[in-house]
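**Q** need coordinates for the below:
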Amino acid sequence: MHSTKTEILALLKRADGSTVDDLASSLGLASMTVRQHLTALERDTLVRAEGVRRATGRPHYLYRLTEEGHRQVSQGYDRIVALLVDQVGRFEAPDVEGRGQDERRRLLFERAASALAVAYRAEVAFIEGDRERIERVVEILRSYGGFPEWHEVDGGYEIRDFACVFRASAGPGGPCDWHETFLESILRSELRPATGDAGCAQCCRYVVTIGAPVTAHHRSAP
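**A** You can find the predicted model right below:
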């Protein structure tokens with residue numbers, strides 16, 4: 001069972017910052033109760049408050065995670081670092097010759113994602129039920145530094161990751177070589193970017209169509 005403090009940290013991770021009133025509304029708690037939890041989280045250096053000016057009235061505060069707070073929410077950084085280091089050790093001169101920094105970074109994450117998918121593909125393939133397979137894939141991503149969630153949508157399942165390891169390195173914008181490679185490879189299913197407002201800050205969003213084979217994407221699974 002999650003504690004209230006854990007739920008507050010998760011909400012702040014998803015939204016990249018919230019007010020006391022926003023948190024109280026989401027949690028169904030009194031504002032005073034939320035303030036008490038935030039005070040404790042600030043003391044533990046997991047949360048910081050930022051003053052926000054308003055045109056009129058008193059200023060209010062937006063609460064965000066600190067770097068330590070982000071680490072507290074997203075586990076598995078040791079695993080993703082070990083995976084990336086292992087793949088760097090496998091590079092040979094022809095792999096990097098003539099490639100710029102961004103290209104090398106994308107190649108590294110593609111290979112790491114492919115290796116991770118290969119390690120778990122047989123296990124996932126033997127799981128009965130689409131929902132159960134998606135749930136297991138989300139657990140794997142979470143154990144390698146991500147903070148993913150999933151829900152059903154028309155035509156498939158949307159996966160959102162609020163702590164994409166590739167975005168943290170490459171920055172926002174463009175396709176995510178980590179999620180696209182991993183999800184296509186481990187599920188062998190069609191993948192497309194999710195559209196519409198998700199209410200999340202810089203999260204990676206993809207819709208997986210179970211049973212629809214991977215088509216002509218810019219990469220293929222090993």
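**Q** go through the chain and flag its longest helix.
**A** Ranked by residue count under DSSP state H, the longest helix found in the chain is helix 101-125.
**Q** ok, the residue nearest the centre of the chain - contacts?
**A** Centroid-nearest residue in the chain, with Cα atoms, centre = their mean: residue 161, separated by 2.5 Å. Shown in contact with residue 161 (Cβ atoms under 8 Å, 6 or more residues apart in numbering): 141, 146, 147, 148, 179, 203, 204. For every residue, glycine as well, the C-beta is placed using N, CA and C.
**Q** repeat that for 6 Å
**A** Shown in contact with residue 161 (Cβ atoms under 6 Å, 6 or more residues apart in numbering): 146, 148, 204.
**Q** related to what we said a few turns ago, which element follows the longest helix of the chain toward the C-terminus?
**A** The C-terminal neighbour of helix 101-125 among helices and strands, as given by DSSP states H and E, is helix 130-143.
**Q** list the buried residues of that following helix.
**A** 130, 133, 134, 136, 137, 138, 140, 141, 142 (16 or more other Cβ atoms under 10 Å).
**Q** show me which of the residues you listed is closest to residue 115.
**A** Using Cβ to Cβ, residue 140 is the member of these that sits closest to residue 115, with 12.4 Å.
**Q** not counting sequence-adjacent ones, nearest residue to the closest one?
**A** Nearest residue to residue 140 in three dimensions, chain neighbours excluded: residue 120, at 5.6 Å (Cβ to Cβ, 6 or more residues apart in numbering).
**Q** so where do the strands sit in the chain?
**A** Secondary structure of the chain by DSSP state E: the strands cover 47-52, 60-65, 148-153, 156-161, 190-193, 204-209.
**Q** turn those strands into JSON lines, including distance to residue 83 and mean pLDDT.
**A** JSON lines is the format used below for the strands of the chain (distance: least, Cβ to Cβ, whole Å; pLDDT from 0 to 100):
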{"stretch": "strand 47-52", "distance to residue 83": "29", "mean pLDDT": "87"}
{"stretch": "strand 60-65", "distance to residue 83": "24", "mean pLDDT": "89"}
{"stretch": "strand 148-153", "distance to residue 83": "16", "mean pLDDT": "90"}
{"stretch": "strand 156-161", "distance to residue 83": "16", "mean pLDDT": "92"}
{"stretch": "strand 190-193", "distance to residue 83": "21", "mean pLDDT": "90"}
{"stretch": "strand 204-209", "distance to residue 83": "18", "mean pLDDT": "91"}
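**Q** which of those sits closest to residue 30?
**A** strand 60-65 (16.2 Å).
**Q** now the angle from that closest one to strand 47-52?
**A** 150 degrees (axes from the mean of the first three to the mean of the last three Cα atoms, to 10 degrees).
**Q** contacts for stretch 86-102?
**A** With Cβ under 6 Å, 6+ apart, stretch 86-102 has contacts from 104, 108, 111, 112.
**Q** 8 Å instead?
**A** For stretch 86-102, contacts defined as Cβ under 8 Å, 6+ apart pick out 104, 107, 108, 111, 112, 115, 170.
**Q** perfect, that will be all.
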